[in-house]
Every structure is written in C-alpha cells, then in structure tokens.
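Novice: here are the coordinates; sequence isn't available:
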C-alpha cells in the first residue's frame with residue numbers, strides 16, 4: 001500500500017519526515033511553524049505541544065518563547081526583529097543537517113503571522129500547525145459570532161494603508177463587526193482612532209480595546225472613538241480593537 005502523504009506540508013516532497021524530506025539524493029529541510037495560541041499555555045494544541053517537545057531547536061521572539069518554555073527539551077533560539085533573519089538562517093542549517101526544528105508564533109498562523117511564515121518558507125519546506133487565535137478569544141469575550149465579523153490586520157510592514165482604507169469603508173457600511181489587529185508600535189489604538197476621525201468616521205463610534213487576552217493582566221475597555229483618540233494609555237503589543245456593528 002502506498003504511503004499516505006503527511007498532512008500540513010506546504011509545497012512538500014515525497015518521503016517527508018519531521019526534520020526533512022528526501023527528494024532524489026538531497027535532503028530538503030523542513031521547519032515546523034506552530035501557532036501557540038493567545039498566551040495561556042492551556043490553549044496550546046496537543047499537536048503543537050508535541051512538536052515543541054520533540055524539537056531539537058525551537059526559535060521564536062522572546063515573548064512567544066515564555067509560554068512554551070516548559071515544553072522545550074531542545075535548545076531555545078530567541079530572536080528579535082533585528083536578528084530574526086540570522087536566527088532563521090541558523091535554524092535552517094540545523095534542519096538541513098537533519099535536526100527537528102520549530103518556529104513558534106502567537107495565536108493562529110493564518111491571522112497575522114504571514115510575514116514570519118514567508119521568511120521561514122524562503123529557507124525550508126514548511127509544515128504549519130495552527131493554533132487558537134486571540135481573535136477567537138475576543139469574540140468569545142464579547143459574545144460576537146465570527147461569521148458576522150470582518151477581520152482586518154494592520155500588522156504588515158508595508159501596505160497597511162489598504163487595511164486602513166478597508167477599515168474606514170467597513171465602518172461607513174456598518175454591516176459587520178470589525179476586528180482589527182493594530183501594528184506595534186506606530187499604529188496602535190490611539191493612532192488608529194486619530195486616523196479614523198480624520199477620515200470622517202463618527203466620534204461617537206463605539207470601540208472595544210482588548211489587551212493581553214487569556215494572560216495575566218487581561219484588560220477590556222470600551223471607548224468612543226473620540227475618547228480613544230485622546231487616551232494616553234500605553235497599550236501593549238498584544239492588543240485587539242473590536243468595532244461592534246450597530247453601536
């Protein structure tokens with residue numbers, strides 16, 4: 001009976017294992033990218049936990065490593081925005097040598113980890129293990145249905161103007177709840193509110209600011225757009241904005 005292909009391998013080759021894929025005589029490195037959830041360790045999936053436990057090397061931004069350190073049996077490779085390419089190069093070299101390598105990202109990989117996944121994909125084959133998103137937690141906290149919501153991310157380094165335009169137009173339509181991921185640290189809640197007011201969005205528009213969902217210090221605040229624009233609160237990089245429809 002022919003072997004069944006491994007699920008989750010993006011652009012994979014035949015004969016894939018956790019560390020690499022054999023294509024002819026060459027070993028094609030594979031790196032597993034795990035969405036660890038919003039931060040509460042109990043919201044890490046079993047599949048994600050197993051991948052982390054089995055890994056020889058686990059790379060992630062420092063704050064992402066903390067919730068999963070208890071399961072890292074190999075070497076942790078913390079990275080920053082400044083050195084992420086260097087760290088990922090080193091990780092890819094380990095994967096090429098046959099080591100099992102994992103990269104961890106906040107939440108679910110399909111919401112705001114696109115740039116990180118693209119960087120990994122430039123260096124190796126990729127297996128994606130999705131996780132629980134903070135967007136799901138936000139909907140649960142506010143009692144909103146995701147099918148009635150529109151998700152907009154401003155996380156991208158380039159092209160965020162399109163996201164802002166989508167947000168402005170969607171607020172004017174008022175047909176769906178809007179869930180927005182700000183961009184640390186230049187497009188945070190206060191700045192987003194200022195942009196929306198400048199675009200003519202009503203200052204009375206209601207917005208919920210949800211910070212550190214599922215983590216110690218979780219905070220949920222309801223503001224008008226005008227009050228948010230004048231709010232001097234220093235929100236963390238783990239912040240979501242929600243504009244409920246009809247408010």
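Specialist: Received, thanks. Small disclaimer: the values here were computed from a predicted structure and weren't measured. Numbers count the residues shown, from 1 in each chain.
Novice: Look at the nearest residue to residue 164 once chain neighbours are set aside and tell me its secondary structure.
Specialist: If you skip the residues right next to it in sequence, residue 164 has residue 195 as its closest partner in space, 6.0 Å away by CB to CB, 6 or more residues apart in numbering. Placement of C-beta: from N, CA and C, glycine included. Local secondary structure at residue 195 is given as helix here, using DSSP: H, G, I helix; E, B strand; the rest coil.
Novice: Residue 60 now?
Specialist: Secondary structure for residue 60, judged by three-state DSSP, is strand.
Novice: Just grab the bridge partners of it for me.
Specialist: Residue 60 forms beta bridges with residue 78, as assigned by DSSP bridges.
Novice: wait, what's in contact with it?
Specialist: In this structure, residue 60 makes contact with 36, 68, 76, 77, 78, 79, 103, 104, 105, judged by CB atoms under 8 Å, 6 or more residues apart in numbering.
Novice: Buried subset of those, written for ChimeraX?
Specialist: ChimeraX command restricting the contacts of residue 60 to the buried ones, with burial defined by 16 or more other CB atoms under 10 Å:
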select :36,68,77,79,103,104,105
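Novice: okay if I get the contacts of residue 60 as TSV plus distance to residue 129 and pLDDT?
Specialist: Shown next, in TSV, are the contacts of residue 60 (distance: CB to CB, whole Å; pLDDT from 0 to 100):
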residue	distance to residue 129	pLDDT
36	9	98
68	12	98
76	18	99
77	18	99
78	20	99
79	19	98
103	10	99
104	10	99
105	10	97
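Novice: Low-confidence stretches in this structure?
Specialist: Across the chain, the ranges flagged by pLDDT under 70 are 1-27, 157-159, 247.
Novice: could you pull out the helices for this structure?
Specialist: Using DSSP state H, the helices of the chain run over residues 46-54, 62-65, 84-96, 109-112, 114-121, 134-142, 160-173, 189-198, 225-229.
Novice: Serialize the contacts of residue 60 to a markdown table and add fields for distance to residue 199.
Specialist: A markdown table is the format used below for the contacts of residue 60 (distance: CB to CB, whole Å):
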| residue | distance to residue 199 |
| --- | --- |
| 36 | 35 |
| 68 | 40 |
| 76 | 43 |
| 77 | 42 |
| 78 | 39 |
| 79 | 36 |
| 103 | 37 |
| 104 | 36 |
| 105 | 31 |
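Novice: and the longest strand along the chain, which strands flank it?
Specialist: Using DSSP state E to define each element, the chain has its longest strand at strand 26-35. Listed by DSSP bridges, the sheet partners of strand 26-35 and their directions read strand 20-23 (antiparallel), strand 101-105 (parallel), strand 125-129 (parallel).
Novice: Now distance to residue 142 too, for these, in a markdown table please.
Specialist: As requested, the strands paired with strand 26-35 are exported to a markdown table (distance: least, CB to CB, whole Å):
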| stretch | distance to residue 142 |
| --- | --- |
| strand 20-23 | 43 |
| strand 101-105 | 24 |
| strand 125-129 | 27 |
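Novice: Can you say which of those is nearest to residue 156?
Specialist: Closest to residue 156 of the strands paired with strand 26-35 is strand 101-105 (CB to CB; 14.7 Å).
Novice: Can you tell me what sits against that closest one?
Specialist: Residues outside strand 101-105 that contact it (CB under 8 Å, 6+ apart): 19, 29-36, 51-52, 55-60, 64-65, 68, 88, 91-92, 94-95, 113, 116-117, 120, 124.
Novice: Quickly list the domain ranges of this protein.
Specialist: According to automatic domain parsing, the chain is divided into the following domains: 9-132, 135-243.
Novice: hey, which of these is tucked in deepest?
Specialist: Looking across the domains of the chain with neighbours counted as mean count of other CB atoms under 10 Å, the highest average goes to domain 9-132: a mean of 18.
Novice: Quick check: the gap between residue 239 and residue 31.
Specialist: Applying CB to CB, to the nearest Å, the value for residue 239 to residue 31 is 29 Å.
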